[in-house]
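# predicted model, plus sequence, below.
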Amino acid sequence: MIKLNPVLDVEELARLYAVKQRLQVREILEEESAEHIYSLLAEKTPWWVAFNEGEKVHQLPPEQVRSLTPQQVAQMMQGIQERARKQYQFLYEYYPLYSKYFDRGAERLPIHDAYEFINSAPMLDFVRRLTGRPEIRWADCHATLFRSGHFLKYHTDENPTDRRVAAYVMNFTKGWGR
């Protein structure tokens with residue numbers, strides 16, 4: 001079972017969050033829970049590839065990625081690198097956790113436990129208290145994997161059509177920045 005770190009002082013974190021409307025919460029999960037999610041992501045997640053061509057976003061499922069020839073991969077990468085010099089661009093792997101969780105035809109994967117935790121009463125209560133926003137009802141979620149050469153240029157998660165209250169990132173990378 002995935003659990004929040006019980007030593008977190010949510011009142012102090014909320015005070016800090018209120019000052020800048022952003023906050024890094026280190027070790028938000030118990031170590032065992034973080035290790036569990038890390039292993040699910042590392043070993044059992046079917047990664048997709050995401051990149052953009054201007055406003056058009058490409059999301060390639062694993063079977064499509066495996067079917068690409070080396071020439072197609074080289075052409076795709078050349079286009080991504082060229083666009084990155086001049087405009088907003090991204091390239092990374094991801095798993096569409098939210099949409100796959102609710103897709104009745106999709107296989108139930110162990111990583112879906114993480115989606116359930118993120119939308120559990122303890123986690124949602126923690127986030128409501130942290131942000132001072134009691135109206136939070138649920139959280140969207142997808143998993144991303146940045147391999148060597150992957151990137152996400154500066155951006156904002158704001159979207160005028162969404163009724164998003166806050167954005168979050170949970171990092172499970174070991175040895176980040178080493």
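All right, it came through fine.
# with adjacent residues omitted, what lies nearest to Phe151?
Spatial nearest neighbour of Phe151, chain neighbours left out: Leu91 (6.1 Å); criterion: CB to CB, 6 or more residues apart in numbering. The way it works is simple: take the backbone N, C-alpha and C, and place the C-beta from them, glycine included.
# next up, phi/psi of the residue sitting nearest the centre point of the chain, please.
Closest residue to the average C-alpha location of the chain: Ala143 at 3.9 Å, with CA atoms, centre = their mean. Main-chain torsions, Ala143, degrees, to the nearest 10: phi -100, psi 140.
# on that earlier part again, residues near the residue nearest to Phe151, how many?
22 (other CB atoms under 10 Å).
# do Glu93 as well
Using other CB under 10 Å, Glu93 is surrounded by 19 other residues.
# the helix or strand encompassing Ala74 - contacts with which helices or strands?
Assessed by DSSP states H and E, Ala74 sits inside helix 70-86. Using 3 or more CB pairs under 8 Å, 6 or more residues apart in numbering; DSSP states H and E, the elements in contact with helix 70-86 are strand 48-53.
# who does the strand it packs on pair up with?
strand 56-60 (antiparallel), strand 90-95 (antiparallel) (DSSP bridges).
# now for Cys141: which residues touch it?
97-98, 101, 114-115, 118-119 (CB atoms under 8 Å, 6 or more residues apart in numbering).
# which of those has the most neighbours?
Neighbour-wise, the contacts of Cys141 (other CB under 10 Å) top out at Ala114, 24 neighbours.
# check contacts around that residue.
2, 37, 40, 97, 141, 143.
# just confirm it is within a helix.
Yes. Under DSSP: H, G, I helix; E, B strand; the rest coil, Ala114 falls within a helix.
# measure it to Leu40 for me?
Look at Ala114 and Leu40: by CB to CB, to the nearest Å, they are 7 Å apart.
# kindly report the same for Leu91.
Leu91 is 23 Å from Leu40, by CB to CB.
# do the same with Tyr17
28 Å.
# ok, now Glu11?
31 Å.
# give me the more crowded residue out of these two.
Leu40 (19 against 9).
# now the angle from the helix or strand hosting that one to strand 90-95?
Per DSSP H and E, Leu40 falls inside helix 31-44. Put simply, helix 31-44 runs at 100 degrees to strand 90-95, going by axes from the mean of the first three to the mean of the last three CA atoms, to 10 degrees.
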